[in-house]
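J.: sequence first, then the predicted structure, then my questions.
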Amino acid sequence: MVDILNALVAFTNFVIIPASAYGAQLAIGALGVTLIYGILRFSNFAHGETMAFGTMVVLLVTGLFQSWGISLGPLPTALLALPFGILGASALVLFTDRTVYKFYRRVKAAPVMLVIVSMGVMFMMNGIIRMIVGTDDRRFADGERFIIRARDFKEMTGLSEGLALRTTQVLTIVVAIATVALLFWFLNKTRTGKSMRAYSDNEDLALLSGINPERVVMITWLVVAALATVAGTLYGLDKSFKPFVYMQLLLPIFASAIVGGLGSPIGAIAGGFVIAFSEVTITYAFKKVVTYLGPEGWRPDGLVQLLSTDYKFAVSFAILIIVLLFKPTGLFKGKSV
Amino acid sequence: MTMSRTPIYFAIMACLIIGVGIFESWNNALFILNFGLISAIMALGVNLQWGYAGLFNVGVVGFVALGGLSVVLTSVSPVGEAWAAGGMRILISLLLAVGFIAGAIIGWSRIPKNLPRGLITAVWLIIGFFSFRALFDPAVAAIEAVNPAQTGFLGGLGLPVLLAWAVGGLMAAGVGWLIGKTALGLRSDYLAIATLGIGEIIIAVLKNEDWLSRGVKNVNGLPRPVPYEIDLQQSETFVGWMERLGADPVTGSTIFVKLLYAVLFLSVIILIVTLMQLALNSPWGRMMRAIRDNETAAEAMGKDVTARHLQIFVLGAAICGIAGAMMTTLDGQLTPASYQPLRFTFLVWVMVIVGGSGNNWGAVLGGMFIWFLWVEVEPISIFLVNTLTAGMDATHPIREGLLDRVAYLRPLTMGLILLLVLRFSPHGLLPEK
């Protein structure tokens, strides 16, 4: 019985908690991709860099606050800096929209043209971010590191397996729930949100009803900038900030958005968790869990790991392919343009 | 109009490279020329997919890396000990894996619908996975234990390295077929994400499967199709030639080797462009453009759109694979960590768009020109910074800060060029006729 509890604790500690945090980060990232897809109708390759840009502003402002001695006590200072990051990212995406994307909307360019344009935007943001902060790995989480420490948990429960709960993990979940609640309230209850959904569903009909498309687009970019900054900051707090990693996040984020159904916000959230849980479960070495569950005194020879962690991209990819083959519009019916 | 523009642009390009030769060094100029030619071939591959058929491939880096792997697999001499330790077991386990996957695919269509198809297939695949791992893991451990500092991998077939160029094309074509078979026929965005994924996976395999590619330990000293500089310097005939030219035999030998490579690359590029021009002007090329411009109409005319797309996707992937093999041959080593999507996928896209999609000469020109900029942006900006801050102290923070940041001007410039071309000249330097 104790062994089963130990196995459960190990599984929670190494799979359920990290995967929930990662899933929440992916979900918020995928929400940004899916909103752009729904309203502006293209896959935004610059989304990873937008996340990195917002996070970079948060990181710089956090440093500034720390040097002034401002802190949030046990919570990371980055939370105070988050609004500034959102402002920075909003300014950036509104500027790119004015200078770059607006022209292609006016000439009614094909969606794939916009994808290529977003590639150019990605290159430029990439250069700008590296010019400002370089390419180094940076940690900017401060405050209390743990809510439950592995040692305390062992003493508390008497189990031999420890369970650690980091502040950033809980924070990720809480902030993610708040963000998603706010977003859905905005999309479903406010006039602006409703006009956005109307525009996404049927552009012509929305135009006939007197919805101003430029306003819808502007608000979409603002929402996306906020989502990207929140996702990027949470990821950076949980792990670390490295511009290159943010570019690599593009694949799992796109996979989440597509698995859930492009254009569907609920789908993006579901997709994020599906991808995160599969990635973490498949690349986790189950040795500990199996040892607890197996007969007394026996332990497996290998790590009992299905795939090495270096193949985590392969997991998002495999799920993507399976969903595309069997349910091409995603789990929650997305749009297909 | 295009006909008259093409030679002018190529002449300007030649002047740029000669300029590098005069102002920097001929070694640099030939370096830019050789890598420019390889980039041009990659751009031709993407142009075939995008320009002829409108297929959006963002996994170029994967196909290029496969080409690189093919050089190792073809030309490195086999490591006998490693083969004895686990070579056969690896092969059998891989065959087993393919067998199980094929079984699952056949089974899926054959199992009667009233049985739980999904469950049976899943169980079958799980059994397959574990039996594969049971055979595969010990074999890998045995191979990687053989002299890990020097080998620790199976090696290749020990065949001439030029053969690897064709093999690279075939390997990339094979993977291209697999990915095309799954993702073509779905929406265009899905193909993009699928290729993005396959690119990452191929790189991950190269980095982690040490028995295959030595992973991040790199494979050095790959065989070359041209003589070594050191041999030339010791050959009396060569030193005699250099004396007659009045050149330094050491510099002369490096330039001579690079020139030989340039000749090889030029012949490949001429072959590919000729074939592609012939194809473009044949009924097949007209059909492809008809499909690209209006799929529905072409389908109504009885053209099998998906099959044609698959065909062209495989051909484009093969060309990228050939380019990858050529690049690894020129480098003389396989460094899996150097395959970055920004450099090998997105930069190639900039080349195609700037050159002019749908025009092969445009792709070649774009490949050479963008590669030239990619290399030269840094020295030019360092020169500019030094000139602008000439009055400042060498350790002045502004000057140092600027010099530190010059390296990141590359992506910035590339993005700016791409955006400017898309905005003001969306058909590129040499538009499609």
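T.: Arrived safely, thanks for sending. Numbers count the residues shown, from 1 in each chain, chains lettered A, B, ... in the order given.

J.: got the contact list for the spatially most central residue of chain B?
T.: In chain B, the residue lying closest to the centroid (CA atoms, centre = their mean) is B:V64, at 2.6 Å. Applying CB atoms under 8 Å, 6 or more residues apart in numbering or on different chains, one finds that B:V64 lies in contact with B:42, B:320-321, B:323-324, B:327, B:339, B:344. Glycine gets a C-beta too; all of them are placed from N, C-alpha and C.

J.: which of those are buried?
T.: Neighbour-count burial (16 or more other CB atoms under 10 Å in any protein chain shown) applied to these gives B:42, B:320-321, B:323-324, B:327, B:339, B:344.

J.: need the residues you listed in JSON lines (columns: distance to chain A).
T.: Putting the buried ones among the contacts of B:V64 into JSON lines (distance: CB to the nearest CB, whole Å) gives the following:
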{"residue": "B:M42", "distance to chain A": "16"}
{"residue": "B:C320", "distance to chain A": "17"}
{"residue": "B:G321", "distance to chain A": "20"}
{"residue": "B:A323", "distance to chain A": "20"}
{"residue": "B:G324", "distance to chain A": "20"}
{"residue": "B:M327", "distance to chain A": "21"}
{"residue": "B:Y339", "distance to chain A": "13"}
{"residue": "B:F344", "distance to chain A": "14"}
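
J.: now the residues you listed in CSV, with pLDDT, secondary structure and distance to B:G168?
T.: Formatted as CSV, the buried ones among the contacts of B:V64 follow (pLDDT from 0 to 100; DSSP: H, G, I helix; E, B strand; the rest coil; distance: CB to CB, whole Å):
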residue, pLDDT, secondary structure, distance to B:G168
B:M42, 97, helix, 12
B:C320, 97, helix, 9
B:G321, 97, helix, 4
B:A323, 97, helix, 8
B:G324, 96, helix, 6
B:M327, 96, helix, 10
B:Y339, 93, coil, 14
B:F344, 93, helix, 14
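
J.: include distance to B:G169 when you put those residues into JSON lines, please.
T.: Putting the buried ones among the contacts of B:V64 into JSON lines (distance: CB to CB, whole Å) gives the following:
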{"residue": "B:M42", "distance to B:G169": "12"}
{"residue": "B:C320", "distance to B:G169": "9"}
{"residue": "B:G321", "distance to B:G169": "5"}
{"residue": "B:A323", "distance to B:G169": "9"}
{"residue": "B:G324", "distance to B:G169": "9"}
{"residue": "B:M327", "distance to B:G169": "13"}
{"residue": "B:Y339", "distance to B:G169": "18"}
{"residue": "B:F344", "distance to B:G169": "16"}
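
J.: for chain A, longest helix please?
T.: helix A:213-238 (DSSP state H).

J.: in the chain, where is pLDDT below threshold?
T.: With no chain named, the answer covers chain A. Scanning chain A with the threshold set as pLDDT under 70 gives A:334-337.

J.: could you do chain B instead?
T.: In chain B (pLDDT under 70), the answer is B:1-3.

J.: show me how it divides into domains.
T.: B:2-78+B:155-424, B:79-154 (automatic domain parsing).

J.: hang on, the earlier thing: and of the buried ones among the contacts of B:V64, the nearest to B:F372?
T.: Lowest distance from B:F372 to the buried ones among the contacts of B:V64 (CB to CB) belongs to B:M42, with 14.8 Å.

J.: follow-up on the earlier one: how about the nearest residue to the residue nearest to the centre of chain B, chain neighbours excluded?
T.: B:G324 (3.5 Å; CB to CB, 6 or more residues apart in numbering or on different chains).

J.: contacting residues for that neighbour?
T.: So B:G324 contacts B:42, B:63-68, B:70, B:168, B:172 (CB under 8 Å, 6+ apart).

J.: same thing but at 7 Å, please
T.: B:63-68, B:168 (CB atoms under 7 Å, 6 or more residues apart in numbering or on different chains).

J.: can you name the element that comes right after the helix or strand that contains A:A10?
T.: Element membership for A:A10 (DSSP states H and E) is helix A:2-11. Remark: after helix A:2-11, the chain's next helix or strand is helix A:17-40, criterion DSSP H and E.

J.: do that following helix and chain B meet?
T.: No - Helix A:17-40 does not reach chain B (CB under 7 Å from any CB of the partner chain); its nearest approach is 8.2 Å.

J.: now do that helix against helix A:2-11, angle only.
T.: Put simply, helix A:17-40 runs at 40 degrees to helix A:2-11, going by axes from the mean of the first three to the mean of the last three CA atoms, to 10 degrees.

J.: all helices of the stretch 201-337 of chain A, in order?
T.: Assigned by DSSP state H, counting those that start in this stretch, the stretch 201-337 of chain A shows helices spanning A:203-208, A:213-238, A:243-248, A:250-260, A:265-283, A:287-293, A:312-326.

J.: again with the stretch 1-150 of chain A
T.: A:2-11, A:17-40, A:47-68, A:78-96, A:102-106, A:111-133, A:150-157.

J.: quick one: list the elements packing against the second one.
T.: Helix A:17-40 is packed against helix A:47-68, helix A:167-189, helix A:191-201, helix A:213-238, helix A:250-260, helix A:265-283, with contacts defined by 3 or more CB pairs under 7 Å, 6 or more residues apart in numbering or on different chains; DSSP states H and E.

J.: show me what the last one is packed up against.
T.: The criterion is 3+ CB pairs under 7 Å, 6+ apart, and the helices and strands that helix A:265-283 contacts are helix A:17-40, helix A:167-189, helix A:250-260, helix A:312-326.

J.: centre of the chain to it, how far?
T.: Helix A:265-283 has its C-alpha centroid displaced from the chain centroid by 10 Å (CA atoms, centre = their mean, to the nearest Å).

J.: got it, and the longest one?
T.: Computed by CA atoms, centre = their mean, the separation of helix A:213-238 from the middle of its chain amounts to 11 Å.

J.: helix A:17-40 and that one, what's the angle between them?
T.: Using the same axes, to 10 degrees: helix A:213-238 against helix A:17-40 is 170 degrees.

J.: now swap in the second one and tell me
T.: Between the axis of helix A:167-189 and that of helix A:17-40 there is an angle of 30 degrees, by the same axes, to 10 degrees.

J.: show me which residues of chain A are close to chain B?
T.: So far as CB under 7 Å from any CB goes, chain A lies against chain B at A:43, A:100, A:103, A:112, A:115-117, A:119-121, A:123-124, A:126-128, A:130-131, A:251, A:254-255, A:258, A:302, A:308, A:310-311, A:313-314, A:317, A:320-321, A:324-325, A:328, A:336.

J.: quick check: end-to-end length of stretch B:141-153?
T.: 10 Å (CA to CA, to the nearest Å).

J.: leaving out sequence neighbours, find the closest residue to residue 54.
T.: Just so you know, I chose chain A. Using CB to CB, 6+ apart, the closest residue to A:G54 is A:T229 (2.9 Å).

J.: switch to chain B, please.
T.: Closest to B:G54 by CB to CB, 6+ apart is B:R292, at 4.5 Å.

J.: next secondary structure element downstream of the helix or strand containing that neighbour?
T.: Assigned by DSSP H and E, B:R292 belongs to helix B:283-293. Per DSSP H and E, helix B:283-293 leads on to helix B:295-300 as the next helix or strand towards the C-terminus.

J.: tell me which residues of that following helix come out buried.
T.: Quick answer for helix B:295-300 (16+ other CB under 10 Å): B:A298.

J.: relative to B:I120, how far out is the residue of chain B most remote from its centre?
T.: Here chain B reaches farthest from its C-alpha mean at B:N114, the gap being 46.7 Å by CA atoms, centre = their mean. Here the criterion is CB to CB, to the nearest Å. By it, B:N114 lies 12 Å from B:I120.

J.: thinking again about what came up before, how close does the residue nearest to B:G54 get to B:V20?
T.: Applying CB to CB, the value for B:R292 to B:V20 is 37 Å.

J.: excluding chain neighbours, what is closest to B:W83?
T.: Using CB to CB, 6+ apart, the nearest residue to B:W83 is B:L154, at 6.2 Å.

J.: what kind of secondary structure is that neighbour in?
T.: coil (DSSP: H, G, I helix; E, B strand; the rest coil).

J.: appreciated, that's everything.
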